[in-house]
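Asks: Below: sequence and its predicted model.
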Amino acid sequence: MKFSSSKKLAVLLLVCISVMARAQVTTPEIQAYVENVTFDANTYMGHYISPILNGIGYGFNNGWYNTARPHKSFGFDLTISGNAALVPTIDQSFSFDGNDYKVFDTPDGNPVNLPTVMGETTTQELRSYIDKNDPTVYVQFPVLDGIQNELPINLVAVPSPIVQLGVGIYKGTEVKVRWVPTIKNSAGINYKYFGLGFMHSVSQWIPAVKDLEFLDISAFVGFTNVDLNYELTPGDPFKGQNQMADFGIKTITYEAIGSVTFSVFTGYVGIGFDNFKTNLNLNGDYEIKIPGTDTGNGEITQTISNPVAINLNDGGFRATAGVRLKLAVITFHGAYTLQGYNTLNVGVGINVR
């Protein structure tokens with residue numbers, strides 16, 4: 001998807017502080033305005049970007065299993081799957097109320113609905129006032145558009161890829177590992193991805209169930225940790241130092257799983273709870289110019305440090321239903337999970353023992 005939250009925030013801040021009308025302001029007013037713009041931009045971006053953070057959180061909590069039957073000792077499977085967390089209509093826009101902001105407001109002061117990153121485009125405008133009690137000094141800027149019209153298919157969803165290895169160890173217990181070696185490249189991108197899950201057969205401990213070869217019941221717990229950070233280019237659009245965008249996610253899920261197998265087909269269900277924490281930080285120092293303050297030696301500059309820190313914590317009850325087809329050692333699976341963002345999971349794998 002064509003999306004860079006840090007750059008969109010940077011553009012938002014840049015416009016706010018570079019087009020001020022009648023900007024004959026005092027130093028205390030400048031300092032207060034810069035602080036208020038930072039606060040309001042952080043609040044605005046929190047609403048704007050939340051569907052991405054929620055969608056990734058719900059997505060990475062999926063795709064852990066396609067059967068409730070653990071592998072025998074040293075049996076294994078390697079699966080590659082993808083999740084699509086469907087963004088509800090209610091999260092494709094948000095209500096903007098000027099009373100929640102220090103300097104941002106609509107031209108007429110009335111609340112409006114604005115698009116989130118997963119929403120549509122808009123012609124709505126906002127203003128940033130150096131003092132809301134003086135409506136003559138303000139910045140006018142366009143609202144950030146959503147990317148819905150740029151999506152390749154008519155599906156408003158947040159994707160998340162999964163690569164996973166499951167290995168049977170002992171007594172109906174299987175360990176599942178998600179891991180990608182730390183990736184660093186010349187563009188300043190640093191990516192880490194690790195997950196660990198455990199599935200244990202409960203069927204073997206239930207007399208009425210353990211002899212039913214087609215039925216399996218297991219307990220599962222799994223967590224995933226993803227860290228992504230990348231260096232921003234100083235001067236694009238702000239001069240500064242140590243400019244970095246950081247994204248992190250931690251997920252955990254607890255589930256009871258059941259499956260029935262007939263020939264090459266397996267149907268499976270799971271119910272449980274999950275939780276995730278996501279964050280997006282824009283770190284470093286960013287120099288901004290204050291227009292209308294040029295005394296012959298250039299405009300006054302101010303430095304904003306670590307302007308964005310967005311944290312979300314969500315989760316809740318979940319229920320999954322899916323089906324798997326196994327042809328020799330090759331498997332194909334698909335599942336649908338009911339949760340905060342309903343999620344579709346499809347994948348292919350190699351399964352031995």
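Replies: That came through, no problem. Residues are numbered from 1 along each chain as shown.
Asks: Need the residues that contact stretch 249-256.
Replies: 53, 56-57, 60-61, 64, 202, 217-226, 270-279, 318, 320 (C-beta atoms under 8 Å, 6 or more residues apart in numbering). Quick note: C-beta positions are derived from backbone N, CA and C, even for glycine.
Asks: Which among those count as buried?
Replies: Among those, the ones that count as buried by 16 or more other C-beta atoms under 10 Å are 53, 56-57, 60-61, 64, 202, 217-218, 220, 222-226, 270, 272, 274-279, 318, 320.
Asks: List the buried residues for stretch 195-214?
Replies: Buried residues in stretch 195-214, counted by 16+ other C-beta under 10 Å: 195, 197, 198, 199, 201, 202, 203, 210.
Asks: Among those residues, which ones are in strands?
Replies: 195, 197, 198, 199, 201 (DSSP state E).
Asks: From residue 40, how far off is the nearest residue to the second one once chain neighbours are set aside?
Replies: Okay, so that is residue 197. Ranked by C-beta to C-beta, 6 or more residues apart in numbering and with sequence neighbours excluded, the top spatial neighbour of residue 197 is residue 222, at 3.0 Å. If you measure residue 222 against residue 40 using C-beta to C-beta, to the nearest Å, the figure is 38 Å.
Asks: again with residue 33
Replies: 10 Å.
Asks: more neighbours, these two?
Replies: When residue 33 and residue 40 are compared on other C-beta atoms under 10 Å, the one with more neighbours turns out to be residue 33, at 25 against 22.
Asks: Secondary structure class of that one, three-state.
Replies: helix (DSSP: H, G, I helix; E, B strand; the rest coil).
Asks: ditto for the one 5 residues further on
Replies: Using three-state DSSP as the criterion, the local structure at residue 38 reads helix.
Asks: hang on, residue 107 is in a strand, isn't it?
Replies: No - counting by three-state DSSP, residue 107 is not part of a strand but coil.
Asks: quick one: low-confidence parts of the protein?
Replies: 1-27, 184-188, 234-238, 288-300 (pLDDT under 70).
Asks: which residues of the stretch 1-150 of the chain fall in strands?
Replies: Assigned by DSSP state E, counting those that start in this stretch, the stretch 1-150 of the chain shows strands spanning 76-86, 93-96, 104-105, 112-115, 125-129, 138-142.
Asks: Can you list the strands that the helix or strand hosting residue 318 pairs with?
Replies: Element membership for residue 318, per DSSP states H and E: strand 308-327. Here strand 308-327 is paired, per DSSP bridges, with strand 265-290 (antiparallel), strand 330-338 (antiparallel).
Asks: in it, what counts as buried?
Replies: Per 16+ other C-beta under 10 Å, strand 308-327 contains these buried residues: 308, 310, 312, 314, 315, 318, 320, 322, 324, 326.
Asks: can you check stretch 145-159 too?
Replies: By neighbour count on 16+ other C-beta under 10 Å, the buried set for stretch 145-159 is 145, 146, 147, 148, 156, 157, 158.
Asks: Quick check on the third one: phi, psi?
Replies: As for residue 147, its main-chain torsions (degrees, to the nearest 10) stand at phi -100, psi 10.
Asks: could I get stretch 57-64 in PDB with only the CA atoms?
Replies: C-alpha atoms of stretch 57-64 as PDB (Å, rounded to 0.1, in the frame of the first residue of the first chain):
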ATOM      1  CA  GLY A  57      -2.500  -6.400  15.700                       C
ATOM      2  CA  TYR A  58      -5.500  -8.600  14.800                       C
ATOM      3  CA  GLY A  59      -3.800 -10.000  11.800                       C
ATOM      4  CA  PHE A  60      -0.600 -11.300  13.500                       C
ATOM      5  CA  ASN A  61      -2.700 -13.100  16.100                       C
ATOM      6  CA  ASN A  62      -4.000 -15.400  13.300                       C
ATOM      7  CA  GLY A  63      -2.700 -18.300  11.200                       C
ATOM      8  CA  TRP A  64      -1.200 -20.300  14.100                       C
END
